[in-house]
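Q: Kindly generate the corresponding structure for this input.
(4 chains)
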4 protein chains.
Amino acid sequence: MGGERDTAPSAPGRAEPGEAVPGGRLLISCRDRPGIVAAVSSFLHESGANIVRSDQHSTDPAGGHFFMRMEFTVAPGFEERGLARAFQDQVASRFEMRWRVHRAGERKRVAILVSRHDHCLLDLLWRWRSGELDMDLGLVCSNHPDLERDVRSFGLPFAHVPMTAETRAGAEAKLLERLAGGFDLIVLARYMQILSGRFLDAVGAPLINIHHSFLPAFAGADPHRRARERGVKIIGATAHYVTEEVDAGPIIEQDVVRVSHAHDGRDLERLGRDIERAVLARAVGWHVEDRVLVHENRTVVFSD
Amino acid sequence: MGGERDTAPSAPGRAEPGEAVPGGRLLISCRDRPGIVAAVSSFLHESGANIVRSDQHSTDPAGGHFFMRMEFTVAPGFEERGLARAFQDQVASRFEMRWRVHRAGERKRVAILVSRHDHCLLDLLWRWRSGELDMDLGLVCSNHPDLERDVRSFGLPFAHVPMTAETRAGAEAKLLERLAGGFDLIVLARYMQILSGRFLDAVGAPLINIHHSFLPAFAGADPHRRARERGVKIIGATAHYVTEEVDAGPIIEQDVVRVSHAHDGRDLERLGRDIERAVLARAVGWHVEDRVLVHENRTVVFSD
Amino acid sequence: MGGERDTAPSAPGRAEPGEAVPGGRLLISCRDRPGIVAAVSSFLHESGANIVRSDQHSTDPAGGHFFMRMEFTVAPGFEERGLARAFQDQVASRFEMRWRVHRAGERKRVAILVSRHDHCLLDLLWRWRSGELDMDLGLVCSNHPDLERDVRSFGLPFAHVPMTAETRAGAEAKLLERLAGGFDLIVLARYMQILSGRFLDAVGAPLINIHHSFLPAFAGADPHRRARERGVKIIGATAHYVTEEVDAGPIIEQDVVRVSHAHDGRDLERLGRDIERAVLARAVGWHVEDRVLVHENRTVVFSD
Amino acid sequence: MGGERDTAPSAPGRAEPGEAVPGGRLLISCRDRPGIVAAVSSFLHESGANIVRSDQHSTDPAGGHFFMRMEFTVAPGFEERGLARAFQDQVASRFEMRWRVHRAGERKRVAILVSRHDHCLLDLLWRWRSGELDMDLGLVCSNHPDLERDVRSFGLPFAHVPMTAETRAGAEAKLLERLAGGFDLIVLARYMQILSGRFLDAVGAPLINIHHSFLPAFAGADPHRRARERGVKIIGATAHYVTEEVDAGPIIEQDVVRVSHAHDGRDLERLGRDIERAVLARAVGWHVEDRVLVHENRTVVFSD
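A: Numbers count the residues shown, from 1 in each chain, chains lettered A, B, ... in the order given. Got it, this is the predicted structure:
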């Protein structure tokens, strides 16, 4: 209740697939040495692109690794043809850069894998629908049928692909039929099956996973019980890229919530759900806006 | 993805309306003086009730105000008849207590008023469906038709009662027809109309409202713009009981999130939505579990 | 700068050792069963004690473990003699309680062990001097001479007891001469030597230690480096009671701070220092106010 | 206690005044338009400076205001003479920039004003001594004599300049004698006197102040009491630049801590002190590293 104006929520500003969106994002990483920023920004300026946001990070200015993300807009009549080749020839090759450019209007195509816990899934669906997540959601797959109705109520296709430890190989093949080549990102929104290295290689897109975290950590079986036995005062969640070693990939985002002796197991589950969905949503949002660069086993996150 | 067991989520444990739930909660407030805890706990013990949780607060042990909340279970064969009268005669009258008891199985009947912003509404609906909120949700009313489909997809009735400053009196009368007598709590989940003191008196249930908060506060028109102009580094949300003075009722819960110069207006709205829905959900959850006592214009919250 | 009154800080209210302070704190733990609160509160009331704060916790009302802390004041002319025996006979033996009572005026005698990092030490000294920590600080011991001048500037004795892995036995004997019997609590404020189980048994007082925490944890050598290599987004600190197994004792308090790729090693050290001193100060403050109960390997903390 | 190495704390790396420190920081603000980053980075590169960190912010790429901070190092044999003029002629005048450059080795000279509360002062002194704050502390002034001994124990001069509302004019003149021209920053570390606009103009350095904040705010007299009466659940602190309008200058940093009904007035004061000193230390640290740019009445803070 309040004296504010009672108007429609601000339009979420979701660009339609075919809509022209000017400019884009340039992502660069290379060995750090003098002149990188000058070379890149001069090239962009001379090409008619205007840098509207720029983030840099260097692990060590003297021979470390350099990361840069630039958002740029372009003037009317901007001519894109030939630019990528010119950038490679005039700038990137000189600094031995790894680089890529994303046009702002090209949204990432995303699929979600989920098991039976719905909290992370529903949070992503709701944020996607409200326009918070700059992505095209195309499919939800689950190894259980439970969440089909929820998914379809958002107008999304749902695929049920049962999987157990015993049927992994065949099930992964079915998943690959649905996923490979069609998506730029796979989100594991509490997907409780372990995916093989073979699957990770074949799917052709990065995967983001969410899992709980404790301070200190309790590796192995039944971490909730052991964390409670030790009486931890903080529980958390970690979103990370998936690598073949389980839960050891580059961390994108983490957050925590305080707990006490007064919280029973059900309280911890509820608080854990809240922190998991918040952390996963942030990680996915940053990824689809090209804010996350991976180097060795860690991330550089140019969050806002 | 992970090595945990892939099972169904824990059953939410929602008691059905008719289901017998043993025990309840006893809420007490009175002037503080020696012997209160002893008198109450002895009475409960002798009546066959077992105190499983007890919270107390005294504003000042020497003549201040005392608040207590006790959760108790009862043994099989517990005889309730006559107990309330006995408690009043033997304990409450002696300490001039204000008190009430809620049986644990009697869930509060809740209605939600909303305008067009859906974030608080959807968060409440989702938590209610997942069993996190110990309440019976019976109706959603809005002064706009926009959210009807969302509400009905949760199996809930939706009432559209248009209201503007000009049509307030008539609209409030219609709202009262739907609400008065039927509900124990009304939640204003971003309801953007001001309700009259006459309405508040007639509706016969407390109302909880959510609004944004800034540090320092910017009362009056367009607080977002003025907070941005001052460059605040923290934004927040406040859930409070509704009183006739707008946004001045007893505060139940508040929380904040950090912001910076890099957040534009749309970022602030997104972060504001997240903190609003979290704060409102906590306030509603504590209210329906009888964890909030009001004294003068402030609350004692026995949260877990 | 501001329009507030420019007066002396509020007196810290430190009670002098000989000063009479009415009342105290009663700590109880036992198997949970009906009637405990009633029995204890009736006893206190009939003995002339007035409960001004009461905290309880039960791990499970049906046969779990019950914990209670009661603060009470006493009326003039209160007669203490014989009360402990009466409580044991009339209440404690019936419920097989472990219990203890602390008179509010009897402050705990505390010693601090430190190596060369001064941040935790100075924070404790400053809070002690300002009256925040309800304890009598009697001695600071270090295995290095570096911090002697700082300690003495607070009017405190300083003992230099060198210790290395090789000289541990002899050094521990010297420490015991200074500590054993004389103190109620030993605080390890970044004391970088491992103390033997024999020492822990002989010193006759609980020890509180502070150490860094990462999410996930990195056990073993050089955790800072490995945490940075994994790119953690959260670092923290854990204060715990010392047991013979290194860093595995009951946790009293934990807290965290966000970090990013932009924080270099020196930043992490600075942020780590801040969180360590805050967490240790809270843990010590709760311990000296008898707010921490230990059960199995976890704590129940009745913090305010 | 722990298995880490027991070595000296890492040297704080405080550069001595005469020591050569390569490079510096360039601060720029101007109306946003295409080509700024390219022009500045090309100039620096061609002058032999290597950009090691760069932060930008634009209020609106289309005609808004643009802010940039660049840290750079220089190669041996770097020739500084003539560079400032060249930058002005070749770059700054073209974009109508306001700009300044700080050599990294030139530490800001800082004075502190304090009344009787010591928490903010001692925190600054301790961080300064530990090398966390990149500044030269030259003087502490107080309108009370109480803290002289503490200040002198850090090897710093202390000036007692009594001031009341009645003696303001004369006292300000005395303060100006001690301060004007000699310092680059004045920190009001709980200085409880209001300084006149005349003083602020004459002192020739920015002033940073710390004050408590409540959510919602309680302007005017006795905010603590009124915040408690309303039952706020969050208290905070705000560090800001001082302008003639009391407590209305550009905000540099804010932070909060949760409170509850269980916190009495003394608890709130203790928690308020902790948050005040943390917020002030961050604001001062960012200022002396030239991380804060002021535009209209708000700040752009390029914190790490």
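Q: Kindly report the residues of the stretch 201-304 of chain A close to chain C.
A: A:213-217, A:219, A:228-234, A:236, A:238, A:248, A:250-251, A:253-256, A:260-262, A:296-301, A:303 (CB under 8 Å from any CB of the partner chain). For glycine as for every other residue, the C-beta is placed from the backbone atoms N, C-alpha and C.
Q: let's see 6 Å
A: Proximity of the stretch 201-304 of chain A to chain C (CB under 6 Å from any CB of the partner chain) is limited to residues A:213, A:215-217, A:231, A:233-234, A:236, A:250-251, A:253-254, A:256, A:261, A:298-300.
Q: Outline the domain layout of chain A.
A: A:24-103, A:108-301 (automatic domain parsing).
Q: Next, format those domains as JSON lines and append distance to chain D, mean pLDDT and mean neighbour count.
A: Shown next, in JSON lines, are the domains of chain A (distance: least, CB to the nearest CB, whole Å; pLDDT from 0 to 100; neighbours: other CB atoms under 10 Å in any protein chain shown):
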{"stretch": "domain A:24-103", "distance to chain D": "4", "mean pLDDT": "90", "mean neighbour count": "17"}
{"stretch": "domain A:108-301", "distance to chain D": "9", "mean pLDDT": "92", "mean neighbour count": "19"}
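Q: now those domains as JSON lines including distance to C:Gly23?
A: Listed next are those as JSON lines, based on distance: least, CB to CB, whole Å:
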{"stretch": "domain A:24-103", "distance to C:Gly23": "57"}
{"stretch": "domain A:108-301", "distance to C:Gly23": "25"}
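Q: A:Ile210 is in what secondary structure piece?
A: Here A:Ile210, judged by DSSP states H and E, is contained in strand A:207-214.
Q: which other residues reach that strand?
A: A:120, A:186-188, A:227, A:232, A:235-239, A:242, A:247, A:272, A:276, A:280, A:283, B:1-2, C:215-216 (CB atoms under 6 Å, 6 or more residues apart in numbering or on different chains).
Q: rerun at 8 Å
A: With contact meaning CB atoms under 8 Å, 6 or more residues apart in numbering or on different chains, strand A:207-214 is reached by A:120, A:185-191, A:195, A:200, A:223-224, A:227, A:232, A:234-242, A:247, A:249, A:252, A:254, A:256, A:272, A:276, A:279-280, A:283-284, A:287, B:1-2, C:215-216.
Q: okay, the angle between the next helix or strand after that strand and strand A:207-214?
A: Next helix or strand after strand A:207-214 toward the C-terminus (DSSP H and E): helix A:223-230. Going by axes from the mean of the first three to the mean of the last three CA atoms, to 10 degrees, helix A:223-230 is angled at 20 degrees with respect to strand A:207-214.
Q: which residues sit in contact with A:Arg291?
A: Each residue near A:Arg291 by CB under 8 Å, 6+ apart is listed here: A:69, A:301-304.
Q: returning to what we had before: any idea which of the domains of chain A gets closest to D:Phe78?
A: domain A:24-103 (11.8 Å; CB to CB).
Q: and of the domains of chain A, who's closest to B:Leu26?
A: Across these, closest to B:Leu26 is domain A:108-301 (CB to CB), at 18.8 Å.
Q: helix, strand or coil for the one residue in the stretch 151-300 of chain A that gets nearest to chain B?
A: The stretch 151-300 of chain A approaches chain B most closely through A:Met192 (3.6 Å), counting by CB to the nearest CB. Secondary structure, DSSP: H, G, I helix; E, B strand; the rest coil: A:Met192 is coil.
Q: That one is in contact with A:Ser115, isn't it?
A: Yes: in this structure, A:Met192 is within contact of A:Ser115 by CB atoms under 8 Å, at 4.2 Å.
Q: Nearest residue to A:Pro34 in space, please, no chain neighbours.
A: D:Asn50 (4.1 Å; CB to CB, 6 or more residues apart in numbering or on different chains).
Q: Please identify the helix or strand for the one you found.
A: Using DSSP H and E, D:Asn50 falls in strand D:49-58.
Q: go on, A:Trp126?
A: Counting by DSSP H and E, A:Trp126 is part of helix A:119-129.
Q: Please enumerate residues in contact with that helix?
A: Taking CB under 8 Å, 6+ apart as the rule, helix A:119-129 contacts A:112, A:114, A:133, A:135, A:137, A:140, A:147, A:150-151, A:154, A:156, A:187, A:189-190, A:210, A:273-274, A:276-278, A:280-281, A:284-285, B:122, B:126, B:130.
Q: how about the strands of chain A, start to end?
A: A:24-31, A:49-58, A:65-74, A:98-103, A:108-114, A:135-142, A:158-160, A:185-188, A:207-214, A:234-241, A:251-258, A:292-295, A:298-301 (DSSP state E).
Q: Those: which one's closest to C:Thr73?
A: strand A:251-258 (30.9 Å).
Q: Counting by contacts, list what that closest one packs against.
A: strand A:207-214, strand A:234-241, helix A:265-288, strand A:298-301, strand C:234-241 (3 or more CB pairs under 8 Å, 6 or more residues apart in numbering or on different chains; DSSP states H and E).
Q: so how far is A:Ala283 from A:Ala248?
A: According to CB to CB, to the nearest Å, A:Ala248 stands 16 Å off from A:Ala283.
Q: same thing with A:His261?
A: A:His261 is 31 Å from A:Ala283, by CB to CB.
Q: Check A:Ala227 too.
A: 22 Å.
Q: The residue nearest to A:Pro34: what's it in contact with?
A: By CB under 8 Å, 6+ apart, D:Asn50 lies in contact with A:33-35, A:61, D:23, D:44, D:72-75.
Q: Could you single out the nearest of those to chain C?
A: Closest approach to chain C among the contacts of D:Asn50 (CB to the nearest CB): A:Pro61, at 11.3 Å.
Q: Can you report phi and psi for that closest one?
A: Backbone torsions for A:Pro61, taken as degrees, to the nearest 10, come to phi -60, psi -30.
Q: I'd say it and D:Val52 touch.
A: Yes: between A:Pro61 and D:Val52 there is a contact under CB under 8 Å: 3.8 Å.
Q: Touching both of these two, which residues are there?
A: Shared contacts of A:Pro61 and D:Val52 (CB under 8 Å, 6+ apart): D:Thr73.
Q: just to revisit the earlier point, what about the strand holding D:Asn50, distance to the chain center?
A: Distance, stretch centre to chain centre, for strand D:49-58: 20 Å (CA atoms, centre = their mean, to the nearest Å).
Q: Now do it and strand D:24-31, the angle between them.
A: Going by the same axes, to 10 degrees, strand D:49-58 makes 30 degrees with strand D:24-31.
Q: Quick one, which of the domains of chain A gets closest to D:Arg107.
A: Among these, the nearest to D:Arg107 by CB to CB is domain A:24-103 (20.9 Å).
Q: Kindly check the end-to-end length of that closest one for me.
A: 4 Å (CA to CA, to the nearest Å).
Q: Just give me how far that domain sits from the chain centre.
A: With CA atoms, centre = their mean as the basis, domain A:24-103 stands 22 Å off its chain's centre.
Q: which bits of the stretch 51-200 of chain A sit near chain C?
A: A:His57.
Q: Next up, the contacts around A:Gly236.
A: Going by CB under 8 Å, 6+ apart, A:Gly236 touches A:212-215, A:254-257, A:275, A:279, C:215, C:234, C:256.
Q: A:Arg277 now?
A: A:Arg277 makes contact with A:119-120, A:122-124, according to CB under 8 Å, 6+ apart.
Q: if you skip the residues just before and after it, what's nearest to it?
A: Leaving aside its chain neighbours, A:Arg277 sits nearest to A:Asp123 (3.9 Å; criterion: CB to CB, 6+ apart).
Q: Right, I'll leave it there.
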